[in-house]
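Asker: this one's sequence-less:
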């Protein structure tokens, strides 16, 4: 009887421990995600919840919200009801942010011009003058980007003039390694099917140029790597010919 009671106590303890670990895992993932998005955007971020799995190496993020700076009366800049991440666990333990798949469902981007003629999206870190230091690097093998709606609110004359654009964009992008370029790419695609860029004073050509330069830097690294490998192969061939003639 005593052994049975001890077994039940142990079983309950293990079940409670598993529950706590599962709960803590999601809390930790939520903190990591909000901190990461805040570091990339420079703005406050909140999530509705995170479902993380180590065994299946995925993160499901519900209700990700990016907030405006305090000088804007509208609190919300971006609504993302769903973000899905399939990460590489081996690279994660090596300290590398490697996402084999990233799906972003951006339901709403709200562009606001306040009475002081300030535009909220210009507060994003990706659009600020570049500081010193190398930006954090990530590796996204495949990105699926869905953008549903863009809203523009202009408070310059007091009560807001509001315009809404249903852009309904779904795109697949490969090999993204610069998080700031990713933010610029999302903005460029969201605004490209509207006239908001002109209204808000956003230079889309400059955004495209910055994105292109980032892609060239990525490509440049790949080219240098290929050149290095080609040089190694050439040296191997030269060594083989040298051995033949020396014989």
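Answerer: That came through fine. These numbers come from a predicted model, not from an experiment.
Asker: how about the strands of this structure, start to end?
Answerer: Applying DSSP state E to the chain gives strands spanning 45-46, 49-53, 58-67, 76-87, 98-113, 139-154, 161-176.
Asker: any chance of JSON lines for the ones you listed, columns distance to residue 35?
Answerer: (C-beta placed from N, C-alpha, C; glycine too.) Output for the strands of the chain, formatted as JSON lines (distance: least, C-beta to C-beta, whole Å):
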{"stretch": "strand 45-46", "distance to residue 35": "8"}
{"stretch": "strand 49-53", "distance to residue 35": "12"}
{"stretch": "strand 58-67", "distance to residue 35": "13"}
{"stretch": "strand 76-87", "distance to residue 35": "15"}
{"stretch": "strand 98-113", "distance to residue 35": "16"}
{"stretch": "strand 139-154", "distance to residue 35": "18"}
{"stretch": "strand 161-176", "distance to residue 35": "20"}
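Asker: what about residue 207, neighbour count?
Answerer: By the measure other C-beta atoms under 10 Å, the count of residues near residue 207 is 22.
Asker: ditto for residue 129
Answerer: Around residue 129 there are 4 residues (other C-beta under 10 Å).
Asker: now do the same for it: its pLDDT.
Answerer: Predicted confidence (pLDDT) at residue 129: the value is 72.
Asker: same deal with residue 102?
Answerer: 89.
Asker: wait, isn't residue 68 in contact with residue 112?
Answerer: Yes: taking contacts as C-beta atoms under 8 Å, residue 68 lies within contact range of residue 112: 6.7 Å.
Asker: look up the residues that both of the two are in contact with.
Answerer: 74, 77, 120 (C-beta atoms under 8 Å, 6 or more residues apart in numbering).
Asker: who wins for neighbours among those?
Answerer: residue 120 (25 neighbours).
Asker: name the nearest residue to it, sequence neighbours excluded.
Answerer: Nearest residue to residue 120 in three dimensions, chain neighbours excluded: residue 112, at 4.4 Å (C-beta to C-beta, 6 or more residues apart in numbering).
Asker: how many neighbouring residues does the one you found have?
Answerer: For residue 112, the neighbour count with other C-beta under 10 Å is 22.
Asker: likewise for residue 192?
Answerer: 16.
Asker: then residue 68?
Answerer: 20.
Asker: per-residue pLDDT of it, please?
Answerer: 95.
Asker: go on, residue 22?
Answerer: 48.
Asker: and for residue 243?
Answerer: pLDDT at residue 243 comes out at 50.
Asker: ok, now which ones touch the spatially closest residue to residue 123 that is not a sequence neighbour?
Answerer: On the basis of C-beta to C-beta, 6+ apart, the spatially nearest residue to residue 123 that is not a chain neighbour turns out to be residue 69, at 4.9 Å. If a contact means C-beta under 8 Å, 6+ apart, then residue 69 has 43, 120, 123 as its contacts.
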